[in-house]
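Undergrad: Below is the sequence, then the predicted model.
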Protein chains: 2
Amino acid sequence: MPAPKTQTLQRQEQITQAALDLINVSGVTGLSIAGIARRVGIVPSALYRHFNSKDAVLDAVLDLIQQRLLDNVTHVRKKVRVPLKQLKLLFTRHIAMLSESQAIPQVVFSDAVYNGQPDRRAKVAQIITTYLKEVESIIESGRQDGTIRKEVAPATAAVMFLGMIMPAVVLWNVSGGTFDMAAHERTAWPAYERSIAAHPSEETS
Amino acid sequence: MPAPKTQTLQRQEQITQAALDLINVSGVTGLSIAGIARRVGIVPSALYRHFNSKDAVLDAVLDLIQQRLLDNVTHVRKKVRVPLKQLKLLFTRHIAMLSESQAIPQVVFSDAVYNGQPDRRAKVAQIITTYLKEVESIIESGRQDGTIRKEVAPATAAVMFLGMIMPAVVLWNVSGGTFDMAAHERTAWPAYERSIAAHPSEETS
DNA sequence: GTAGCATGTGAATTGTGAATCACAATTCTT
DNA sequence: AAGAATTGTGATTCACAATTCACATGCTAC
């Protein structure tokens, strides 16, 4: 029984999502046209009605990832107003997001990216840079309103913000979920806050 | 003309090193028996005289990486005595090491690791954990001699130490060398130091 | 309702890379 | 120097995955 016909636009979404799911399970290496097709419920060759190549699918996945990341930022911006709180919330949400689905680090670190066409590497670079710019902009607001110290360089602080997240996620993934993410959240944030805030919430020294 | 015969032990070293080099250039995906063999100067099938499988080669590469990482720590320990200075030196050397050869992040993040046999993931976990333990132990010395604040949790501080390095390396790789690593070194370290040191070297606030 | 377009299907093609094998050349032992 | 062990070689097999193609079927406009 053939799969019901579906508009290319919807199929593209289904395919991109299926690809992301598949990467979650099997990594970028395990990403195959056949695998995606199976998940979508069509036959491999049918996939080519909606994407020109596997590479095109990967590009779409990258777009999806970027969208997810930026959605996260937008949500946080709406939810809270104080820059420091925005950062903390963003931190929490990110940790949650990345430990649920390891696909994002998988893709970002995959050598399909590093060693594929330069286009793709550039795209990943752009995704990360864009994201960092958002974080920087939050930090900059904090500097303006005095909640973050003036001597803090937004660029560096943004990279270190990533630095709170990345190793934790890697440890989480590699340890097979053993790494105590909650504890990391509790201890890492105060440390980060101390290094940038004008008046850390708890004066411990 | 056949390649000169060479003892398995030497060949294994050549092969492991060649594999690491190849990963530097083409990533883990680009790692092929044929590619390694070409670099070593033998024919693909000859490689099986010295390794049972490609996986075995990858395992050897992991061992090599672990050795390099720990050598780094040992060297730093010998070179300097003050814990904070040890950390700073370790930071510098790490950045240098990883930006020269992107192979290490490539392997550590590769899905050959994440989605291969659990053995391998466990091995990577052990490598990272062991390394972190070393960093923790340096931090612990600092707490003992009073140069690092008592409230600093060694485990968290060690993870954040990684956090200074990881994103920088990723940015460096992804940006194709555009990211200003030297600037990061100059700005990130003081920030990190401030968050753990008892008496930061420059009081700026 | 029918022509034309969009979507789905199975078979066939092609490429790639790991692994095996029988044989050759070299080195070691004695 | 003979025989055994080690290492190197080329041809070959095997599995797997991307892509193409000719054909089938459903959908839409007129």
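TA: Looks like it came in fine. Keep in mind that what you see is a predicted model, and the values were worked out from it rather than measured.
Undergrad: Show me which residues of chain A sit near DNA strand C.
TA: A:1-8, A:11, A:42-46, A:49-50 (Cβ under 7 Å from any atom of the strand). No exception for glycine: its C-beta is placed from N, CA and C like everyone else's.
Undergrad: could you redo the last one with a cut-off of 10 Å?
TA: Residues of chain A lying close to DNA strand C (Cβ under 10 Å from any atom of the strand) are A:1-12, A:14-15, A:34, A:37, A:40-50.
Undergrad: Run through the helices of chain A in chain order.
TA: A:8-26, A:33-40, A:44-47, A:54-79, A:83-100, A:103-109, A:111-114, A:118-144, A:154-174, A:181-196 (DSSP state H).
Undergrad: roughly how far is the first one from the heart of the chain?
TA: When distances are taken as Cα atoms, centre = their mean, to the nearest Å, helix A:8-26 is centred 16 Å away from the chain's centroid.
Undergrad: Repeat that for the second one.
TA: Helix A:33-40 has its C-alpha centroid displaced from the chain centroid by 23 Å (Cα atoms, centre = their mean).
Undergrad: Next, the angle helix A:54-79 makes with that helix.
TA: Calculated by axes from the mean of the first three to the mean of the last three Cα atoms, to 10 degrees, helix A:33-40 forms an angle of 50 degrees with helix A:54-79.
Undergrad: And for helix A:33-40, what's in contact with it?
TA: A:3, A:11, A:14-15, A:18-19, A:21-22, A:26, A:43-44, A:46-47, A:54, A:57 (Cβ atoms under 8 Å, 6 or more residues apart in numbering or on different chains).
Undergrad: Could I have the PyMOL command that selects the buried members from those?
TA: Burial among these is assessed by 16 or more other Cβ atoms under 10 Å in any protein chain shown; the matching PyMOL selection reads:
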select buried, chain A and resi 11+14+15+18+19+22+26+46+47+54+57
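Undergrad: Please see if the lowest-mean-pLDDT helix or strand in chain A touches chain B.
TA: Among the helical and strand segments of chain A, the one scoring lowest on mean pLDDT, DSSP states H and E is helix A:111-114, with a mean of 76. Yes - residues of helix A:111-114 contacting chain B under Cβ under 8 Å from any Cβ of the partner chain: A:111, A:112, A:113, A:114.
Undergrad: for the second one, what are its contacts?
TA: Residue A:112 makes contact with A:28, A:58, A:120, B:29 under the criterion Cβ under 8 Å, 6+ apart.
Undergrad: That one and residue B:16, how far apart?
TA: Distance from residue A:112 to residue B:16, counting by Cβ to Cβ, to the nearest Å: 24 Å.
Undergrad: pLDDT score for residue A:175?
TA: Residue A:175 carries a pLDDT score of 88 in this model.
Undergrad: And for it, nearest residue in space, chain neighbours not counted?
TA: Among residues not flanking residue A:175 along the chain, residue B:125 sits closest, at 5.1 Å (Cβ to Cβ, 6 or more residues apart in numbering or on different chains).
Undergrad: From what I see, that neighbour and residue A:174 are in contact.
TA: Yes - assessed by Cβ atoms under 8 Å, residue B:125 is found in contact with residue A:174 at 4.4 Å.
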